[in-house]
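Novice: Just the structure for this:
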Amino acid sequence: VPDPSRFSDDNHPVERVNWHAATEFCARLRQHTGRPYRLPTEAEWEYACRANTTTPFHFGPILTTDLANYRSTTDWSTGDNHYSGTYNGGPQGIFREQTTPVGSFDVANAFGLYDMHGNVWEWCQDLWHPNYKGAPTDGSAWTTGNSVWTDGDNIYRVLRGGSWINGPADCRSARRMNSTPDTRVNYYGFRIACG
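Specialist: Predicted coordinates:
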């Protein structure tokens, strides 16, 4: 799909992209430029997000809607789950109900990366594993040993970063999520790595 996004203009992140389309984009970009573009591994993604910090967010222990795009309304619910729009004593904010232009919060981390928290969940190369037991220790993608997490032929993949529709706890540097690689929703996107 050439333009899959629901919230499309040149400055918003692409969304409604499944894992297959994201990896295909990387392959086409690699072929076009001759450079080794790909999705980041889960370890690379978290390292890039944290940027040598140890706090829940690269800018500290609290998230506000002045720093990222996420759902900051209290007591919203999905089915039997109830969520808070605040985290670690932070203030309640606004719910924008869509993606925001990349870099619009003007809060890059120490590596110069924007929007690592919120806006769209970002696909990683890795297969989903419920914990890190047996994970590669060199930062490479974990692409084996995932027979439990399947849906038919679809082996679950990792997403990181949280999104505009999620509460602040889902936007923490350490937060992980999984989905089947053919899922397209308006809060899944990707960023690319080179090398």
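
Novice: ok, residues contacting the longest strand seen in the chain?
Specialist: When the chain is scanned for its longest strand (criterion: DSSP state E), the result is strand 121-127. For strand 121-127, contacts defined as Cβ atoms under 8 Å, 6 or more residues apart in numbering pick out 17, 19, 22-23, 38-42, 44-45, 141-146, 149, 155-163, 166, 177, 187-191. (C-beta placed from N, C-alpha, C; glycine too.)

Novice: Partner strands of that strand and their direction?
Specialist: strand 157-160 (antiparallel), strand 188-189 (parallel) (DSSP bridges).

Novice: PyMOL command for the buried members of the contacts of strand 121-127?
Specialist: In PyMOL, this line selects whichever of these come out buried by 16 or more other Cβ atoms under 10 Å:
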select buried, resi 17+19+22+23+38+39+40+41+42+44+45+141+142+146+155+156+157+158+159+160+161+162+163+166+177+187+188+189+190+191
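
Novice: Could you list which of the contacts of strand 121-127 belong to helices?
Specialist: The helices, defined by DSSP state H, take in 19, 22-23, 42, 44-45 from the contacts of strand 121-127.

Novice: which pair in those spans the largest distance?
Specialist: Pairwise distances across these (Cβ to Cβ) peak at 16.0 Å, for the pair 19 and 44.

Novice: Check the residue in the chain sticking out farthest from the centre and give its pLDDT.
Specialist: Centroid-distance maximum for the chain: residue 34 at 26.1 Å, with Cα atoms, centre = their mean. The model reports residue 34 with a pLDDT of 97.

Novice: any idea how far residue 194 is from it?
Specialist: 11 Å (Cβ to Cβ, to the nearest Å).

Novice: And residue 113, by the same measure?
Specialist: 13 Å.

Novice: same thing with residue 102?
Specialist: Distance from residue 102 to residue 194, by Cβ to Cβ: 17 Å.

Novice: Which residue of those two possesses the greater neighbour count?
Specialist: Taking other Cβ atoms under 10 Å, residue 102 and residue 194 do not tie; residue 102 has more neighbours (15 against 12).

Novice: With that, I have no additional questions.
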